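**Q** No letters, just coordinates:
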């Protein structure tokens, strides 16, 4: 150990930063989950009270439901769209890098800017989408007040952000498939659709499952989208849009801890949510293992 | 296993935010020690103070101290809370928003008692109810009032005229003296001018109706009273425009677009005038202001406070009492629509002039009397959190057509739960 001190020193920055900013806060927040604390005053030990509140808090369960619905609504089109785009891009011959950059750009644009833009486009009364619908004689759709449409708009926003990101991963996977396999399939008389489903898809399976897990983690953490779409202020504190239909778990955590100054309860929310993410990740991991065996 | 570690790391980063510790790292410029420091920092947010007055304060006090003013963006309360909790880099003078004051009062020990520094002698210059809201039970004064937000009814005189209604502020105020009369006026307006609405949403009615009372959601004995008659009445008042069909139901960010078009009236505090002016510059001269139906309420309005770590309390107090003197307060109104908490300012020329946006109306004649008549009410630290479910349910009524009675029951049960969580009996 001591003979390698230089090496350990060299890799220490990560561990020091991780320890201070991630490892310690994780356990500190676990400690907080058993306290009542307004962020400044003295902490008060309340035992399992916060978790008991959590268990009987309908808003918490609704936020979990909202998060899962938004996650499914965004992950499915994101991954499907990414795969289709990657396949198309894989066969394109000219302007390859242009398409790659163009499709990846949504992922690097500021999520806040995108949310503001979506808010304007889908606005109930004065939005672009409703204006266009109005032109063809369709009455305005309440995008930002109907409980389902709110989720749809948030999911659409996330799809727009993450399709390009997943596409790049798929494209890398596609390029790793030897061209001989495709040539052999062509010789055997397989058309493009059959090639896609019987050659591309099976070979890509581990990569697809990888993106599913990444999307699980990203999708469950949706926060900025509803936060910006339904920006709150003192006069009109909309917590996740009309009827809280866009209240995701992380937004609820944020509101509890930082808006209501209820840090203990906030910590309890994220810890409960952490357990949920772990469960979903384990399920996905199992799927990956099974995919490898077959 | 790689992947679950990733999940672990991401959750770790999240919870890091939960503890609020990551934000609180900075260099320790606010460490205690000598109490006659030469460098003072002032934290405020854009629009909290007149930038011109702050700039002048810097030169005015340059002989004694160097004042550095920082306009802090983002969530001001959260930044101040974490800084105070960490105890370093604490500003010497800080703004506190009116709605956050209640949540800072239980931690009054983190601030200096302004009465010790001489606020007692000048406190009569400021509105009593406003000063009291920044006072602890045992009389410690932690906030120096900057401004207040007396409410009024803004209305489109041109549309009133079109509908054959009176346009003169006094006459409108007389005709819309109570909430019921006001809603009747709205119904008439809608009949004459189809497609127009009286209020932007019912949450704004609820906010003001609650503010018109002397009690809120939690009483002085830390008991939940959000299910009692005074709140129920405010709730019923808020539901009325919805049932009458004069509610525009604007709960998204489109208020800006609606204000110049389909809204005939708008309820709000004095500072709201600037919002209307910025959102609908084309309606300049068409608006007027009159008294709020059912009496005035307060919305917003902030304080300046001196954290315990203040490096030069005497000078800092001199600075804030200079910045917030009635003369400079009056200028704040002219510069940034900050409505003074010092009544003496209301008669100063900076405030008594006509406002061109309101067709030359002397708006102080409406806001001035309103400011003095605002009822004092006790605001508990958990008040804002407990109030939130009522808003949520009101938006549910508007967006989903939820039955008002069900919405009321859900709001109360949700509010009770939040109250219990925050230690209210």
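**A** Alright, I've got the coordinates. Keep in mind the model is a prediction, meaning the values are calculated, not measured.
**Q** C-alpha from now on. contacts and neighbour counts both.
**A** Will do.
**Q** Beyond the helix or strand of chain B with the lowest mean pLDDT, next helix or strand please.
**A** Using mean pLDDT, DSSP states H and E, helix B:2-19 stands out as the lowest-scoring helix or strand of chain B, at a mean of 52. Remark: after helix B:2-19, the chain's next helix or strand is strand B:39-44, criterion DSSP states H and E.
**Q** List the buried residues in that next one.
**A** B:40-44 (16 or more other CA atoms under 10 Å in any protein chain shown).
**Q** Let's have those in JSON lines, adding distance to residue B:359 and pLDDT.
**A** Formatted as JSON lines, the buried residues of strand B:39-44 follow (distance: CA to CA, whole Å; pLDDT from 0 to 100):
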{"residue": "B:40", "distance to residue B:359": "43", "pLDDT": "93"}
{"residue": "B:41", "distance to residue B:359": "41", "pLDDT": "94"}
{"residue": "B:42", "distance to residue B:359": "37", "pLDDT": "95"}
{"residue": "B:43", "distance to residue B:359": "36", "pLDDT": "95"}
{"residue": "B:44", "distance to residue B:359": "32", "pLDDT": "93"}
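**Q** Could you check which helix or strand contains residue B:398?
**A** helix B:383-400.
**Q** So that helix, near chain A or not?
**A** Yes: Helix B:383-400 reaches chain A (CA under 8 Å from any CA of the partner chain) through B:384-385, B:388, B:391-393, B:395-396, B:398-400.
**Q** For the buried residues of strand B:39-44, give me TSV that also has distance to chain A.
**A** Formatted as TSV, those follow (distance: CA to the nearest CA, whole Å):
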residue	distance to chain A
B:40	23
B:41	21
B:42	20
B:43	18
B:44	17
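**Q** and the following helix or strand past the helix holding residue B:398, does that touch chain A?
**A** The element immediately downstream of helix B:383-400 (helix or strand, assigned by DSSP H and E) is helix B:404-421. Yes: applying CA under 8 Å from any CA, one finds helix B:404-421 in contact with chain A at B:417, B:421.
**Q** in the stretch 151-294 of chain A, which spans are helices?
**A** Here the stretch 151-294 of chain A has its helices, by DSSP state H, counting those that start in this stretch, at A:179-187, A:192-195, A:201-220, A:224-229, A:249-254, A:263-293.
**Q** so who does the residue in the stretch 251-400 of chain B positioned nearest to chain A touch?
**A** The stretch 251-400 of chain B approaches chain A most closely through residue B:396 (4.3 Å), counting by CA to the nearest CA. By CA atoms under 8 Å, 6 or more residues apart in numbering or on different chains, residue B:396 lies in contact with A:242-244, B:402, B:407.
**Q** mind putting these in TSV, distance to residue A:71 and neighbour count included?
**A** Putting the contacts of residue B:396 into TSV (distance: CA to CA, whole Å; neighbours: other CA atoms under 10 Å in any protein chain shown) gives the following:
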residue	distance to residue A:71	neighbour count
A:242	19	28
A:243	19	25
A:244	16	25
B:402	26	15
B:407	28	21
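**Q** hmm, back to that, how much space between the residue of the stretch 251-400 of chain B closest to chain A and residue B:244?
**A** Separation of residue B:396 from residue B:244 (CA to CA, to the nearest Å) stands at 17 Å.
**Q** ok, and for the helix holding residue B:398, which residues are buried?
**A** Within helix B:383-400, the residues scored as buried using 16+ other CA under 10 Å are B:383-399.
**Q** and residue B:225, how many neighbours does it have?
**A** A count of nearby residues for residue B:225, using other CA atoms under 10 Å in any protein chain shown, gives 17.
**Q** To what extent is residue 135 buried, counted in neighbours?
**A** As the question left the chain open, I've gone with chain A. Using other CA under 10 Å, residue A:135 has 10 neighbouring residues.
**Q** Hmm, no, I was thinking of chain B.
**A** Counted by other CA under 10 Å, the residues lying close to residue B:135 total 20.
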